[in-house]
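Chemist: compute the structure for the input listed below.
(one chain, ligands or ions: 2)
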Amino acid sequence: MAVYTHLAAEELARLIAHYDVGDLVSAKGIAEGVSNSNWLVETSEGRFILTMYERRIDTADLPFFLGLLDHLSEAGCPVPRTIHDSAGDAWRMIDGKAVALIEFLPGVSPTSPEPGQARAVGSALARAHLAARDFPRARPNDLAPADTLAILRQCGTAALHGIDTELPAIFEIGAGILRKWPEELPQSIIHSDLFPDNVLMLGERVTGIIDFYFACTGAMAYDLAVTHAAWCFDARGEQFDERLGRALVEGYEETRPLNEIERSALPLLAEGACLRFIASRAQDWLDTPEDALVQRKNPMDFMRRLEFYRAAGQSAFA
Ligand SMILES: Nc1ncnc2c1ncn2[C@@H]1O[C@H](COP(=O)(O)OP(=O)(O)O)[C@@H](O)[C@H]1O
Ligand SMILES: N[C@@H](CCOP(=O)(O)O)C(=O)O
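Modeler: Ligands and ions are numbered 1, 2, ... in the order given. Take a look at the predicted model:
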């Protein structure tokens, strides 16, 4: 589930009245997603997504996140634009929580991606990287290897051991990743969470890249490595699909060729990507009660991917 807050019909109608989008016809909570509450809102003029920011999102970052949607959308990327209210603001507050109305995009998220879809996503990611280069705002990555190791230390060895006896090995592996981490790769604004559930597609066409709430300034090749780790394995991270990996990187390079330094850094960047999702998943696992309605994501799914990248090295990107 991802509707953490109840919004009464009258409250929704009052909110929608602040936008030039016609009259409220219906609003349905959207079950998918983890971090925010989302509603599919229908008005007399069309469909919209209403997002209420619940967790991990600092309101001070909203000009960055929502401005980025508008910037990428204006550049022709398949990214939803923000609907501004009658005062020109991109978000409003309801009971102390920020809400934004966002363009609805068609499409469905692939559950078992095909190579043609991975290729299209690679290309869409590269286009977004190029288009974001002149976005005038910056946001530091607060989930870089040093930060994610700090999150894991906060979780503590005993708690990690309680999730899985093999999980505490991440401390030593993570310290190794941090020691070798490249700092000088070409940068742009990166999505940094481009899992299949954050991409809407119709067949092999990307119709929407959504959920930019981890976007930050960072290495473009790192974003490609995150997408590789997210798209090219089965859910448990046991099976790597080489066809998907090749198609994703080829699709990316058709639009933005990697330089040699980026290409040789990919295995380590992918290890760093796994470290990041192990940390956030472990933290969420420990913070979320077992009986909560939100489906907890297992950090071990990314521990297996990490082991794959460590063993495969450059051949994972051959
Ligand atoms: N702009 C959009 N157009 C169409 N559907 C969307 C849009 N934004 C979000 N959704 C739907 O809402 C779901 C949850 O959105 P998401 O931003 O991923 O939430 P969370 O941040 O909680 O993960 C998505 O899986 C998708 O079904
Ligand atoms: N993609 C992350 C979870 C982030 O949640 P999201 O719903 O905001 O995309 C993971 O799989 O660990």
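Chemist: contact residues of the stretch 1-150 of the chain facing ligand 1?
Modeler: Taking CB under 6 Å from any ligand atom as the contact definition, the stretch 1-150 of the chain meets ligand 1 at 2, 30, 32-36, 38, 49, 80, 102-105. From N, CA and C alone the C-beta is placed, and that goes for glycine too.
Chemist: and the residue of the stretch 101-250 of the chain found nearest ligand 1, what's its pLDDT?
Modeler: Proximity of the stretch 101-250 of the chain to ligand 1 (CB to the nearest ligand atom) peaks at residue 211, 3.6 Å away. Looking at residue 211, its pLDDT stands at 95.
Chemist: surely it and residue 199 touch.
Modeler: No. Residue 211 lies out of contact with residue 199 (CB atoms under 8 Å); the separation is 9.3 Å.
Chemist: if you count what's nearby, which of the two comes out ahead?
Modeler: Neighbour count, other CB atoms under 10 Å: between residue 211 and residue 199, residue 199 has more, with 28 against 21.
Chemist: you'd agree the more buried one is up against residue 205?
Modeler: No. Using CB under 8 Å, residue 199 is not in contact with residue 205; the gap is 10.8 Å.
Chemist: quick one, phi/psi of the closest residue to ligand 2 within the stretch 101-250 of the chain?
Modeler: Of all residues in the stretch 101-250 of the chain, residue 195 sits closest to ligand 2, at 4.4 Å by CB to the nearest ligand atom. Taking degrees, to the nearest 10, you get phi -80, psi 160 for the backbone angles of residue 195.
Chemist: now the one 10 residues further on
Modeler: Residue 205 has phi and psi values of phi -100, psi 130 when expressed as degrees, to the nearest 10.
Chemist: mind listing what the closest residue to it other than its chain neighbours touches?
Modeler: Leaving out its chain neighbours, the residue that sits closest to residue 205 by CB to CB, 6 or more residues apart in numbering is residue 120, at 6.5 Å. By CB atoms under 8 Å, 6 or more residues apart in numbering, the residues touching residue 120 are 201, 204, 205, 206, 251.
Chemist: host element of residue 120?
Modeler: helix 115-132 (DSSP states H and E).
Chemist: which two of the residues of the stretch 1-150 of the chain next to ligand 1 have the greatest separation?
Modeler: With distances taken as CB to CB, the most widely separated pair in these is 34 and 103, at 21.5 Å.
Chemist: give me the number of residues near the closest residue in space to residue 281 that isn't next to it in sequence?
Modeler: If the residues on either side of it in the chain are set aside, residue 281 comes closest to residue 299, at 4.0 Å by CB to CB, 6+ apart. For residue 299, the neighbour count with other CB under 10 Å is 25.
Chemist: same deal with residue 86?
Modeler: Neighbours around residue 86, by other CB under 10 Å: 9.
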